[in-house]
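Chemist: The amino acid sequence is not available; the structure is as follows:
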């Protein structure tokens, strides 16, 4: 089990570095897909199978496909870099800030083994419709609003 | 022969043999596990290859039958060795990569199409206890594996540096995203009835009555969406020869082309295997009748029946137009899928 963790973690870190360093956008997206895949593997290793499989289904089957779709429609995006100095400095500053926050949270966290819990879809379903009913409904409403918004924007451009 | 009927016993014998091997010869467990994984992978790859040869021949014979022709007749008796000769020819072809192509992605795409198809075979329940892995969320796993393959098709279209290939890849992205929704909605009725995503559980729930009786609408929706998901006619605008030369695999030759072909037929078989498992009782015989043939024969017979229906549809209906294709999924299949879920829920709460 430990070997599997190290392989997956190594894969995740390598592909994460590749995503930000590769110049070719399509190759970067392929690296992003490999990152999502290794994270799905980590979920499955933590016996959260449902989360892992949904991660593959939604992120690789949906999000990555949409990214590819957009990049193929926008030509000549690969060669020229349009980042100026100001954007570069703010980017580095924000990333360092985020990194500091993560590290400070991680240092406070007392690490311990997760108690063995039931992650079956029956349990997830029960929790979603009892304990977390309100957040669940709010999220559904948010998605509905986003969907209608997308349709309205698409309609306007057509006329 | 008896072991073919009671496959649970067969599995126990193999397990016992492997445990003895580990104890008597001191082979560590992880070596055994790794060895079994390699053997299983080779068996699955071999099955896919042989199955593709059979399906391509069947496709040509079925199309010939439907069009009142003879089909291949020259190689071997009734032409049964035709696809073997074709495969040998493909192996000898030159492997060409276009000059402007993105070489790495051009090389990777056929693998990205083929590997998930192999992954999906791991979860199928062939016969009682005969399956590679008993995955609790087997159905979801197969869908997840299926969604990985699309990535390869789009990347193949893009990396070929050919506008026809790119158009084919883009069409496949739009088509597969739309029909995946319809496909998953169509099986929710069955999941509601059985309350499980485990393929063995789904089969044992159909002991008394196959789900096609309770879910005729779900069955039809699944069949239509599965044909669209596997990019076959009448939904094969991804590789529409008259419009796109050859679609996403125009620039591919030799073994890389063969990989796309193997992936396509592997997916067709997977689609019919899921259809058999969900709606036709899997490896079980007809309820109420005595078991005459082994479960594995039942399973394969039902799978090939569905494959035949898919071929029959391909050679009967003309291709759907691109603009109609999207509308057909979003305005017709998906509302019907929701209707099916609603009706199933109503009837279940009635009881």
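Modeler: Right, received. Where do you want to start? Owing to the predicted nature of the structure, the values given are computational and were not obtained by experimental measurement. Numbers count the residues shown, from 1 in each chain, chains lettered A, B, ... in the order given.

Chemist: so what's the closest residue to chain A within chain B up against?
Modeler: Residue of chain B nearest chain A, by Cβ to the nearest Cβ: residue B:147 (2.8 Å). Glycine gets a C-beta too; all of them are placed from N, C-alpha and C. Contacts for residue B:147 (Cβ atoms under 8 Å, 6 or more residues apart in numbering or on different chains) come out as A:56-57, A:60-62, B:176, B:180.

Chemist: how about the nearest residue to residue B:184, chain neighbours excluded?
Modeler: Leaving aside its chain neighbours, residue B:184 sits nearest to residue B:143 (6.4 Å; criterion: Cβ to Cβ, 6 or more residues apart in numbering or on different chains).

Chemist: I'd like to know how many residues surround the one you found.
Modeler: 23 (other Cβ atoms under 10 Å in any protein chain shown).

Chemist: Against residue A:113, how distant is it?
Modeler: Residue B:143 sits at a distance of 32 Å from residue A:113 (criterion: Cβ to Cβ, to the nearest Å).

Chemist: ok, now residue B:347?
Modeler: Residue B:347 is 45 Å from residue A:113, by Cβ to Cβ.

Chemist: and those two? which has more neighbours close in?
Modeler: residue B:347 (13 against 5).

Chemist: quick one: is the helix or strand hosting residue B:222 near chain A?
Modeler: Following DSSP states H and E, one finds residue B:222 within helix B:216-229. No: counting by Cβ under 8 Å from any Cβ of the partner chain, chain A has no neighbours in helix B:216-229; the shortest distance is 11.2 Å.

Chemist: can you pull the buried residues of that helix?
Modeler: Neighbour counts over helix B:216-229 (16 or more other Cβ atoms under 10 Å in any protein chain shown) mark B:217-229 as buried.

Chemist: pLDDT check: weakest of these?
Modeler: Lowest pLDDT among those: residue B:229, with 82.

Chemist: Let me see the contact set for it.
Modeler: Residue B:229 neighbours (Cβ under 8 Å, 6+ apart): B:146, B:176, B:179-180, B:183, B:267, B:271.

Chemist: what about 6 Å?
Modeler: With contacts defined as Cβ atoms under 6 Å, 6 or more residues apart in numbering or on different chains, residue B:229 is in contact with B:179, B:183.

Chemist: can you pull the buried residues of stretch B:323-340?
Modeler: Buried-residue list, stretch B:323-340, by 16+ other Cβ under 10 Å: B:325-326, B:328-329, B:333-334, B:336-337, B:340.

Chemist: could I get those residues as CSV with secondary structure, pLDDT and distance to chain A?
Modeler: As requested, the buried residues of stretch B:323-340 are exported to CSV (DSSP: H, G, I helix; E, B strand; the rest coil; pLDDT from 0 to 100; distance: Cβ to the nearest Cβ, whole Å):
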residue, secondary structure, pLDDT, distance to chain A
B:325, helix, 82, 16
B:326, helix, 83, 13
B:328, helix, 85, 19
B:329, helix, 86, 15
B:333, helix, 89, 18
B:334, helix, 90, 13
B:336, helix, 92, 20
B:337, helix, 91, 17
B:340, helix, 91, 20
